[in-house]
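**Student:** The sequence and its predicted three-dimensional model are supplied below.
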Amino acid sequence: MKTPAPALLDRRTFLQRSSLAATALALPTILPSRLFGEDAPSKKIGVGFIGVGNIAQGHMDTLLGFDEVRIVAVADVDRAHREAAQAKIDAGYGAKGCAGYNDFRELLARPDIDVVWVCTPDHWHALAAIEAIRRGKDVYVEKPLTLTIREGRELVNAARWYQRVAQTGTQQRSSKRFHDTAEFIRNGGLGKLERIEILIPANNKYVGARWQPEAVPAGLDWEMWLGPAPWSPFTRQGCHYNFRFNLDYACGQVTNWGVHYIDIAQWALGMDDSGPVEVEGHGEFPSSGLFTTATKVDFTCRYANDVTLRCRTRYDGVSDGNVRFFGDRGWIDVSRSASTASAPALLKEVTARSGGLKLPASTNHHDNFLTAVRTRALPISDVEIGHRTTTVCNLGNIAMLLDRKLRWDPAREEFIDDEMANRLRHRAMRAPWSLV
Amino acid sequence: MAESNSTAAAGAEKKSSAFRNYEDWFTQSPDPWAEIAALQPGDDRTFASTVQRMVTNAEPEQRAVLETKLLALLARPGITATGRMFACRMLSWVGADRSVPVLAKVLLEPHGADAARYALESIPGDAAAQALLAGLDHLTGVAKAGLIGALALRGTAAAAPRFERIATDTLETPEVRAAAARGLARLHAKFASL
C-alpha cells in the first residue's frame, strides 16, 4: 500500500478539537466500501504480527474478518506459537502463504507489510514498535504500551518523528459503556468529582520461595525471548503468560488489569496529555521466589485539581477490574460486565449523553486503528494517551517499590527532588538492544 | 493463655519440611552478604530482598553507606553472576561517582558488561559517561553495540567522533557499525527527552 502523505494532527490540536468538536471529528466506525475500490491506494492493508501467543489470538481472529486486511506474516521466538499462528491464518484465508519468522526484524524488512501488531511480552513492546516505526510501519501495540516511562516517551517521539499512526491496545476506549461514562464525568454529570477508586484482580501466581532452572524447550529461542531483559535461565513457570509477574518483563496486575481502568480514569479526568502531581504507594512484594511484582497493590495518585485516584487489589475473587467515580451527586461504577450507580437515574443520564462536550467515539478498536491508518488521523488510543496511562501505572509501581510519597511533574515527566525515583523511570537493556 | 510445651512441640512437628528447610537456612546464615554473593538462579532471595528494602528506604545520607557495602559485595571473590547482577541493580538506584571505578572494571570482565552497564547507565554525570566511553576501546561485538546505545541514549556528545570512526570501520562487526550509525544519528537528531 502506498502510504498517504503524513498529515497527523499534532497532539494538542487533536485533543483540543476532540474536546470542542468531537462530533465532527468522530471517525466513522465502518468505512464505506468505495474507499477500497480500484482507485484506492491499495485494496489490502498488509499486516504483520510480532508475538503470536495468548494475547494475539483474539487480534488474529478479528482481523481475519476484515476484508480490507491481509495478514501476510508472523514473527515469534517460539516455533510452536509461530507455526500454530501460520496455520490459523492460512486456514482463515483458505490458502497457504502466511510467512513465519523467528526474528521480527526479518518481518519488518518486508515491503508488503504496512501495519504491525505488537503482541510480545511487555519488555519487548518499545523495541519492536520503535523498530517497526523506523521501517515506516504503523503500529498497534498491546497494553501496557511500554515497560518503563522512558521507553514510553521514546516510543511517542518515534511515532511523531516518523509520522506513524500508533494505537495502544487499551480497547475499553472503544466500548460505549466506558466512553459514555467518561463523557458524563467530563461534562460534570457527577457534580464536582472528588475521588476515583479502582479495583484490580489479585496476583494469583506463586510457586514457592525457590525455583529450578529448566532446559529450554526445543523450538524456543530463549535468548531472543529475553532480549533486552537481564539474562536469566529458562523456567516454564516464568515464561508464557506468567512473565506478567516478573518486574524484568512486566509490572504485574497494575499493568495487566489496572492499565485498562486507569485509562478510563485518565479519560474522564481529561488527562490524556498529562497526569497526576503526586503518588503514594504501599504495596507488598514477594521477598523470594520466581515472581517479583506486587502481590498486594495499593497506591493513590493526586491530580492538580485535588481529585485522587486509588488503585488497589481486590480480594473478592472477581477476575475483572472496575472503576468507581465519586462526586457530590453520588457515584458511578463501571466494569466490563456492568454499570452501577448510587441512584438509577444517574445511569439514565449517562446514556442520554446530554452534555455539551462529546468525546471521540469508537465502537471497534481495530476498525478505529485501520481507519486512522487510511486517513492519517490520530486513533482513539493514540500512543501519547497510552504512554500517559502507562505512566500512571509506573508511578504507582515506583511509589510502592520506594514506599514513600513522590511528587511528579507531568509536563517534564520527572519526579521532583527524588533522584532514586527518577532513576526508576528507565533501566538499561541487555546488549545489543537499545532504544537508539 | 500460655501454650504448654507439649502443645508447642506438637505444633512444631506439624510444620512442613519445606518450612523447616527455609527456617534452618535462614538461621544458619550469619553473613547475608555472603549469601547474596553466592546466589544462583532460583535460590531463595530473602536476603537480597532485605537489602533492596534497605536501599529503597535509606535516607540520602545512608545511601553512601549502602553504596559502600554494595561495592564490597561486588568485589567479593567468586561472586556469582546472579549476585553481581543484584549488586549492579541496586547500584543503578543508589550508585554515585564513587561506584564508577569499580563498575568500570566490571564492565571489562568476561560476562560483566551487561551488569556493569545496567548500573553505569543510570548514574548521572561525567564520570559514568567517561567510563562508558573508555569501554569503547576494549569491548567488542554485542557488548560494544550495547555500550554505543547507552552513550547515545545519555546524549553523550563526546561520543560522536568515536561513533563516526566506528560506523565506517570495516574491522568492526556489522552490528557494531550499525549501532554507531544509529548513535550518531541520535546525537545529531536530538529528539530524545527525559
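**Tutor:** That came in fine, so what should we check first?

**Student:** What strand or helix carries whatever residue of the stretch 1-150 of chain A ends up closest to chain B?
**Tutor:** In the stretch 1-150 of chain A, no residue comes nearer to chain B than A:Arg150, which is 5.2 Å away by C-beta to the nearest C-beta. C-beta: built from backbone N, CA, C; applies to glycine. In this assignment (DSSP states H and E), A:Arg150 forms part of helix A:149-161.

**Student:** ok, and what's touching whichever helix or strand comes after that helix?
**Tutor:** Proceeding N to C from helix A:149-161, the next assigned helix or strand is strand A:166-168, under DSSP H and E. For strand A:166-168, the surrounding residues in contact (C-beta atoms under 8 Å, 6 or more residues apart in numbering or on different chains) are A:129, A:133, A:138-141, A:143, A:145, A:155-156, A:159, A:365, A:368-369, A:372, A:379-383, A:385-387, A:389-390.

**Student:** hmm, try it at 7 Å
**Tutor:** With contacts defined as C-beta atoms under 7 Å, 6 or more residues apart in numbering or on different chains, strand A:166-168 is touched by A:138-141, A:143, A:145, A:159, A:369, A:372, A:379, A:381-383, A:385-386.

**Student:** Then stretch B:149-169?
**Tutor:** In this structure, residues lying in contact with stretch B:149-169 by C-beta under 7 Å, 6+ apart are A:428, A:434-436, B:117, B:121, B:129, B:132-133, B:136, B:148, B:172, B:176-177, B:179-184, B:186-187, B:192.

**Student:** so how far is the first residue of it from its last?
**Tutor:** Distances were taken as C-alpha to C-alpha, to the nearest Å; on that basis the terminal residues of stretch B:149-169 are 17 Å apart.

**Student:** Can you point out the buried residues in it?
**Tutor:** When burial is assessed from 16 or more other C-beta atoms under 10 Å in any protein chain shown, stretch B:149-169 yields the following buried residues: B:149-154, B:156, B:159-160, B:162-163, B:166-167.

**Student:** next one: stretch A:293-301
**Tutor:** Neighbour-count burial for stretch A:293-301, counted by 16+ other C-beta under 10 Å, picks out A:Thr293, A:Ala294, A:Thr295, A:Val297, A:Asp298, A:Phe299, A:Thr300, A:Cys301.

**Student:** how close does the closest residue to A:Arg244 other than its chain neighbours get to chain B?
**Tutor:** Once flanking residues are discounted, A:Arg244 sits nearest to A:Ala250: 4.5 Å by C-beta to C-beta, 6 or more residues apart in numbering or on different chains. Per C-beta to the nearest C-beta, to the nearest Å, A:Ala250 is found 17 Å from chain B.

**Student:** all strands for the stretch 251-400 of chain A, in order.
**Tutor:** A:278-281, A:298-302, A:308-313, A:322-327, A:330-334, A:339-341 (DSSP state E, counting those that start in this stretch).

**Student:** Mean pLDDT added to those, as a markdown table?
**Tutor:** Shown next, in a markdown table, are the strands of the stretch 251-400 of chain A (pLDDT from 0 to 100):
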| stretch | mean pLDDT |
| --- | --- |
| strand A:278-281 | 98 |
| strand A:298-302 | 98 |
| strand A:308-313 | 98 |
| strand A:322-327 | 98 |
| strand A:330-334 | 98 |
| strand A:339-341 | 98 |
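
**Student:** Contact residues of chain B facing chain A?
**Tutor:** By the rule C-beta under 7 Å from any C-beta of the partner chain, the part of chain B lying against chain A is B:22, B:41-46, B:49, B:56-57, B:85, B:92-94, B:113-114, B:117-118, B:121-122, B:142-143, B:145-146, B:149-150, B:152-153, B:175, B:179, B:182-183, B:186, B:191-194.
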